[in-house]
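>>> My questions concern the predicted model and sequence given below.
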Amino acid sequence: MRKATAIVCLLCAMATGAAAQGSLAKGLNAERKGLTGLAMDYYREAVDTNVQARLHLGLLLQRQEHFAEATRWLQRADSSALALTHLAECLCEQRDWPQAKQAAEKAIELADSSEHDLRASAMASIAWVNCKDENYTNALSWAHKALQESPSSARALNVTGIILFNKGNDNEAIQTFRKATQADPKNIDAYFNLGTMYCYRNSYDLAITTLKKGLKVERNSIKLIYCLGWAYLLKGEKESAVECLETVIRYDSTYVNAYNRLGDIYFASADYNQAIALYRKATKVAPTQGEAYRLMGRTYAEQGEFGKAIRNYQKAVELDKKDAETYCKIAELYAKQKQPKREKANYVRAAKLGHAKAQKWCTQHGFAY
């Protein structure tokens, strides 16, 4: 009897495994055709019993910028160099620097010496961690190692470009991002970074053209649509900007930056209630990010509601204690409320963080910082 039960269980397991393998194959086929939603559905059918389905679901979620969910599935995938490399990338996006570095180091250790692109991507993740820690010397060192490993690695080129931008080398950054688009014409991060650089350069038409090229590669890329909306906003094409940002929210209701930029549009139109409503949605979507609180503070200050402005600014600096500009904003509002002690305290905080205006104020008033 026990033998018969065991055989039945074995047959059931084999059937389940075969079904999962079939769903995995269907998912891969759907993904090749660009049917990402259908691919996800097939992968989800197989994730309980198939580690490859978990890996591919994680990779697809990463491309869709659902980094938290991608992380969960990549952690449950096989402990391969590929899974760990992409896990490191997702952890970087979530600012979990220690775990990102650990995953990247393990990926380098596990990757075969012939897997140059994989090793380069992992090295680029370590470079990215150092960049976010503002350790640009180590960041560039790892970026160069990554490019030595694989000169055509789009990820390594992208990270190198970002490091160069943070060091103020804009021209080199643009050239590096262009190399990334040439190395891998399907790499949407390269189009995003290049489009962003053109926005910073006020070259809005170039930015729009570049981002549209990226959208031909992946038409539902949230980050590209968002950046396109930003480019339209900077160019002054409000309707196109709103259309892009609303599309982003329709695709992903948790994309906090889209709420903030839409709020900025309404703020510029003096529709302060609508702006605040959007900023408030942003705080609910991302309660640990300070930008929306800072923008609400600005909006309340514009309306003359200084108490509400200060409370929101204070929430912003609670979340980002290095936000010197916001400390200055708080100080300015306390000055308007005739509260010199609080004005001084906030200027001193900003001055200690290196804010030039705050340092000048402290010097003029004889306060050490």
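Great, that's in hand. Values in this document were obtained by computation on a predicted structure and should not be read as measured data. Residues are numbered from 1 along each chain as shown.

>>> list the buried ones in whichever strand or helix holds residue 171?
Take DSSP states H and E as the rule and residue 171 turns out to sit in helix 170-183. Going by neighbour count (16 or more other C-beta atoms under 10 Å), the buried part of helix 170-183 is 173, 174, 176, 177, 178, 179, 180, 181, 183. From N, CA and C alone the C-beta is placed, and that goes for glycine too.

>>> go on, stretch 362-369?
Buried, per 16+ other C-beta under 10 Å, within stretch 362-369: 362, 369.

>>> and if you look at stretch 340-351?
Neighbour-count burial for stretch 340-351 [16+ other C-beta under 10 Å]: 343, 344, 345, 346, 347, 348, 349, 350, 351.

>>> from these, which ones fall inside helices?
Using DSSP state H, the subset of the buried residues of stretch 340-351 located in helices is 343, 344, 345, 346, 347, 348, 349, 350, 351.

>>> Surely the fifth one touches residue 325?
No. Taking C-beta atoms under 8 Å as the definition, residue 347 is not a contact partner of residue 325, at 12.0 Å.

>>> Quick check: what element follows the helix holding residue 171 along the chain?
Heading C-terminal from helix 170-183 (DSSP H and E), you reach helix 188-200.

>>> what is the rounded mean pLDDT of that following helix?
Mean pLDDT, helix 188-200: 95.

>>> Check which helices and strands it sits against.
When contacts are defined as 3 or more C-beta pairs under 8 Å, 6 or more residues apart in numbering; DSSP states H and E, helix 188-200 packs onto helix 154-166, helix 170-183, helix 204-217, helix 222-235.

>>> Now do the buried residues in it.
188, 189, 190, 191, 192, 193, 194, 195, 196, 197, 198, 199.

>>> and the first one, what is it in contact with?
What it means is residue 188. 63, 214, 217, 218, 221, 223, 224 (C-beta atoms under 8 Å, 6 or more residues apart in numbering).

>>> Domains in the chain, by residue range?
Domains of the chain are assigned by automatic domain parsing as 20-78, 94-184, 327-369.

>>> could I get those domains as CSV with mean pLDDT?
Shown next, in CSV, are these (pLDDT from 0 to 100):
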stretch, mean pLDDT
domain 20-78, 90
domain 94-184, 92
domain 327-369, 96
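
>>> deepest of those, which one?
Mean neighbour count (mean count of other C-beta atoms under 10 Å) peaks for domain 94-184 among these, with a mean of 20.

>>> report the angle between the axes of the helix or strand residue 146 falls within and helix 170-183?
Assessed by DSSP H and E, residue 146 sits inside helix 136-149. Using axes from the mean of the first three to the mean of the last three C-alpha atoms, to 10 degrees, the direction of helix 136-149 lies 30 degrees away from that of helix 170-183.

>>> related to what we said a few turns ago, show me what the helix holding residue 171 is in contact with.
Counting by C-beta under 8 Å, 6+ apart, 152-154, 157-158, 160-162, 164-165, 187, 189-191, 193-194, 197-198, 200-201 sit against helix 170-183.

>>> Could you pull up the contacting residues of the closest residue to residue 315 other than its chain neighbours?
Spatial nearest neighbour of residue 315, excluding adjacent residues (C-beta to C-beta, 6 or more residues apart in numbering): residue 293 at 4.3 Å. Neighbouring residues of residue 293 by C-beta under 8 Å, 6+ apart: 279, 283, 312, 313, 315, 316, 319.

>>> Would you agree the fourth one is in contact with residue 294?
Yes. Distance between residue 313 and residue 294: 6.5 Å, which falls inside the contact criterion (C-beta under 8 Å).

>>> Return every residue with contacts to both of these two.
Residues touching both residue 313 and residue 294 (C-beta under 8 Å, 6+ apart): 326, 329.

>>> Compare these two (neighbour count), which wins?
residue 313 (29 against 23; other C-beta atoms under 10 Å).

>>> any idea whether the more buried one is helix, strand or coil?
What DSSP: H, G, I helix; E, B strand; the rest coil gives for residue 313 is helix.

>>> Where does the residue nearest to it when sequence neighbours are not counted sit, in terms of helix or strand?
Once flanking residues are discounted, residue 313 sits nearest to residue 297: 3.9 Å by C-beta to C-beta, 6+ apart. For residue 297, the host element (DSSP H and E) is helix 291-302.
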